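Could you look at this predicted model? Sequence included:
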Amino acid sequence: MEPAPIPRAELTRPVPKDQRLIGRLNEGLPTRGYLEKHAHAFSTVRVLDVVELPGLGETAPWLAVAIVGTTNELQIVDPSDGKILHVLEIPSEYGTGLESLVWDPQRRRLYLSIDSTLIMWDSNNPKHVRKFAQIDGATALYSLDVDRSGNVFGGTYPLGAVFRVSNSDKSVRIYKRFADDSDYVRNIAVDEKGNVWAGTGASNPRLFYLDVTSDREPSQFDLPNRVHNGFVSSINLFGSKVVISASGVAPQMVFDRKLNAWIAPIDDMWTHRQISRVKDGHFFALSANKLIRISVDDFKEEMISPISTVTPFCISNLGNRVIVYSQEDELLNLEIYNVESGELENRRGVNLSPSSFKIQSVVASQNNELYLGGYKAKGIASFSPSSGKIWNSPSGETLIQQIEGMIPFGDNRLYIGSYPGGDIIGSSSFSVVSPKNK
């Protein structure tokens with residue numbers, strides 16, 4: 001059989017080119033650099049996390065306050081005196097934007113993650129942070145934890161695995177990926193034996209148990225409240241009980257290690273999934289605008305006081321006193337409650353040092369203002385080149401996470417693309433108001 005003939009292409013006349021676009025370029029006058037520079041145009045306080053530092057401080061533990069941004073990211077605070085003791089900047093070569101913090105009380109070291117780098121703050125050398133380890137293949141390190149030997153563990157993206165950094169020689173081990181459909185390990189907890197309970201996402205989040213001393217496959221536990229997309233958002237260990245929360249599930253789910261099975265959940269949702277340390281068999285949480293004390297043995301709740309705080313960053317259990325830390329404008333807000341009387345004994349604020357954001361989105365409005373979106377900024381800012389005035393969205397504005405792009409539409413609308421979640425957020429006018437999610 002003869003091969004089929006090859007079809008011939010029909011030649012067409014070329015479309016005339018626009019000579020203005022393809023003509024020879026003539027060298028112009030050299031530029032003289034930028035006309036204006038406005039440093040720290042997007043600068044404010046956005047608290048990422050607050051971690052207690054037991055062993056430091058007298059009447060109350062010192063705090064490590066992580067600030068979103070590229071300057072003043074770590075601030076060590078003495079809440080008893082209401083003073084900032086140390087303000088530290090993370091060297092830019094380590095990455096941009098803190099992610100997770102954990103305190104090792106035995107060695108008095110604070111470990112922090114930024115991109116794929118693990119760094120350390122040593123209370124014996126409080127003016128500096130230093131690099132501790134690099135986790136190759138990861139772009140984000142989550143939910144740091146420390147075992148009794150001082151080894152540091154954490155979750156990763158996009159490896160979908162747990163890592164371990166040895167305290168003795170800083171050697172790094174990355175364990176096997178938990179599941180082919182899960183790129184994230186967003187939360188972990190290290191138990192009394194140094195083994196790891198880990199939660200995955202963003203597809204089909206599950207609970208895994210990793211025996212770090214064995215080559216056996218990790219144990220997998222499907223959530224009793226099935227979630228198709230989302231994350232295991234917290235893991236807490238209380239004796240034989242593993243208490244976890246997950247995206248879109250109000251109650252805390254409880255796994256009994258002795259029974260190797262899920263048991264009855266804790267129905268009341270802990271606000272912001274935030275709890276205190278355990279002391280004298282109890283811990284504290286916020287739920288439905290109440291400060292509650294919870295028994296470790298049976299999770300029985302006792303109301304201590306009504307409370308208006310919406311987003312607690314840390315709850316400090318001092319036994320007869322409880323301190324609830326939150327943010328109000330550029331202040332770290334402290335509310336001190338008497339456990340026996342339920343009274344709010346004191347309320348005060350600590351002025352935090354603002355940080356600057358890495359600007360990654362800019363749009364001009366018709367009122368001669370620039371709207372700015374920043375890397376991990378969790379908000380929006382406006383800047384007036386003519387007056388130099390800066391406005392930032394309130395700290396309580398939680399709708400905008402990280403702006404990936406903005407576009408004006410018509411005379412008075414601004415549409416914002418927000419990551420993560422792929423949200424489109426609309427502002428009804430350019431007059432700096434809280435945006436409305438459309």
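In hand now; what should we look at?

how deep is the residue lying closest to Ser123 once chain neighbours are set aside tucked in, by neighbour count?
In this structure, Ser123 finds its nearest non-sequential neighbour in Arg108, 4.4 Å apart by CB to CB, 6 or more residues apart in numbering. Quick note: C-beta positions are derived from backbone N, CA and C, even for glycine. For Arg108, the neighbour count with other CB atoms under 10 Å is 15.

give me phi/psi at Arg108?
Per-residue torsions, Arg108: phi 60, psi 50 (degrees, to the nearest 10).

From Leu53, how far out is it?
For Arg108, the distance to Leu53 (CB to CB, to the nearest Å) stands at 8 Å.

Same check on Val350?
Counting by CB to CB, the gap from Val350 to Leu53 is 15 Å.

Likewise for Val185?
25 Å.

Between the two, which has more neighbouring residues?
Taking neighbours as other CB under 10 Å, Val185 and Leu53 compare with Val185 leading, 32 against 21.

could you say what helices and strands the helix or strand harbouring that one packs with?
Counting by DSSP states H and E, the element that carries Val185 is strand 184-190. The elements that strand 184-190 packs onto, with contact taken as 3 or more CB pairs under 8 Å, 6 or more residues apart in numbering; DSSP states H and E, are strand 140-146, strand 152-157, strand 196-203, strand 229-238.

Partner strands of that strand and their direction?
For strand 184-190, sheet partners with direction are given as strand 196-203 (antiparallel), following DSSP bridges.

what's the following helix or strand after the strand it pairs with?
Remark: after strand 196-203, the chain's next helix or strand is strand 206-210, criterion DSSP H and E.

Now the most centrally placed residue in the chain: closest residue in space, sequence neighbours ignored.
Closest to where the C-alpha atoms of the chain average out (CA atoms, centre = their mean) is Glu99, at 5.2 Å. Of all residues not flanking Glu99 in the chain, Ser113 sits nearest, at 4.7 Å (CB to CB, 6+ apart).

For whatever helix or strand that neighbour lives in, which outside residues touch it?
Assigned by DSSP H and E, Ser113 belongs to strand 109-114. Strand 109-114 is contacted from outside by 51, 53, 64, 66, 74, 90, 94-104, 118-123, 129, 132, 140-142, 144, 146, 150, 152, 154, using CB atoms under 8 Å, 6 or more residues apart in numbering.

Name every sheet partner of it and say whether each one runs parallel or antiparallel.
The strands beside strand 109-114 in its sheet (DSSP bridges) come out as strand 98-104 (antiparallel), strand 117-122 (antiparallel).

Between strand 152-157 and it, find me the angle.
10 degrees (axes from the mean of the first three to the mean of the last three CA atoms, to 10 degrees).

Using PDB, write out every CA atom in strand 109-114.
Presented in PDB, the C-alpha positions along strand 109-114 are these (Å, rounded to 0.1, in the frame of the first residue of the first chain):
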ATOM      1  CA  ARG A 109      15.300  27.500  73.500                       C
ATOM      2  CA  LEU A 110      12.700  28.800  71.100                       C
ATOM      3  CA  TYR A 111      12.500  27.100  67.700                       C
ATOM      4  CA  LEU A 112      10.900  28.900  64.800                       C
ATOM      5  CA  SER A 113      10.200  28.000  61.200                       C
ATOM      6  CA  ILE A 114      10.400  30.200  58.200                       C
END
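
For it, give the mean pLDDT please.
Mean pLDDT, strand 109-114: 98.

now do stretch 389-401
The average pLDDT for stretch 389-401 rounds to 79.

What of stretch 276-293?
Taken as a whole, stretch 276-293 has an average pLDDT of 97.

where does this structure have low pLDDT?
1-23, 34-35, 38-40, 396, 428-438 (pLDDT under 70).

That one: helices as residue ranges?
For the chain, the helices defined by DSSP state H occupy 19-22.

related to what we said a few turns ago, and for Arg108 and Leu53, which residues touch both?
Contact with both Arg108 and Leu53 is made by residues Ser123, according to CB under 8 Å, 6+ apart.

close enough to count as contact, Thr398 and Ser418?
No. Contact criterion CB atoms under 8 Å: Thr398 and Ser418 do not qualify, at 10.9 Å.

When these two are compared, which one has more neighbours?
Counted by other CB under 10 Å, Thr398 and Ser418 do not tie: Ser418 has more neighbours, with 22 against 12.

Would you confirm that that one contacts Gln402?
Yes. Counting by CB under 8 Å, Ser418 touches Gln402, with 6.6 Å between them.

To Ile263, which of the strands paired with strand 109-114 lies closest?
Closest to Ile263 of the strands paired with strand 109-114 is strand 98-104 (CB to CB; 28.0 Å).

Dump the C-alpha coordinates for the closest one into PDB.
Only the C-alpha atoms of strand 98-104 are listed here, as PDB (Å, rounded to 0.1, in the frame of the first residue of the first chain):
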ATOM      1  CA  LEU A  98       7.400  33.100  60.400                       C
ATOM      2  CA  GLU A  99       5.100  30.100  60.400                       C
ATOM      3  CA  SER A 100       5.500  28.100  63.700                       C
ATOM      4  CA  LEU A 101       7.000  28.400  67.100                       C
ATOM      5  CA  VAL A 102       7.700  26.000  69.900                       C
ATOM      6  CA  TRP A 103       9.500  26.400  73.300                       C
ATOM      7  CA  ASP A 104      11.800  23.900  74.800                       C
END
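
between it and strand 140-146, how big is the angle?
Regarding strand 98-104 and strand 140-146, their directions subtend 10 degrees when assessed with the same axes, to 10 degrees.

From Arg348, how far off is the nearest residue to Ile76 once chain neighbours are set aside?
Once flanking residues are discounted, Ile76 sits nearest to His86: 4.2 Å by CB to CB, 6+ apart. Relative to Arg348, His86 is positioned 20 Å away (CB to CB).

If you count surrounding residues, which of these two has more?
Neighbours around His86 and Arg348, counted as other CB under 10 Å, are more numerous at His86. The numbers are 16 against 12.

List the contacts of that one.
For His86, the contact set (CB under 8 Å, 6+ apart) comprises Leu74, Gln75, Ile76, Pro126, Lys127.

Out of these, who's the most crowded?
Neighbour max across the contacts of His86 (other CB under 10 Å) = Gln75, 23 neighbours.

Just confirm that one contacts Leu352, I think it does.
Yes. Assessed by CB under 8 Å, Gln75 is found in contact with Leu352 at 6.0 Å.

Find the residues that touch each one of these two.
Residues touching both Gln75 and Leu352 by CB under 8 Å, 6+ apart: Val65, Ile67, Ile84.

Tell me which entries of the residues you listed lie within strands.
Counting by DSSP state E, these place Val65, Ile67, Ile84 in strands.

How about the closest residue to Pro205 other than its chain neighbours: which residues does it bridge to?
Using CB to CB, 6+ apart and skipping residues adjacent in sequence, the residue nearest Pro205 is Val232, 4.9 Å away. Going by DSSP bridges, Val232 is paired in beta bridges with Ala246.
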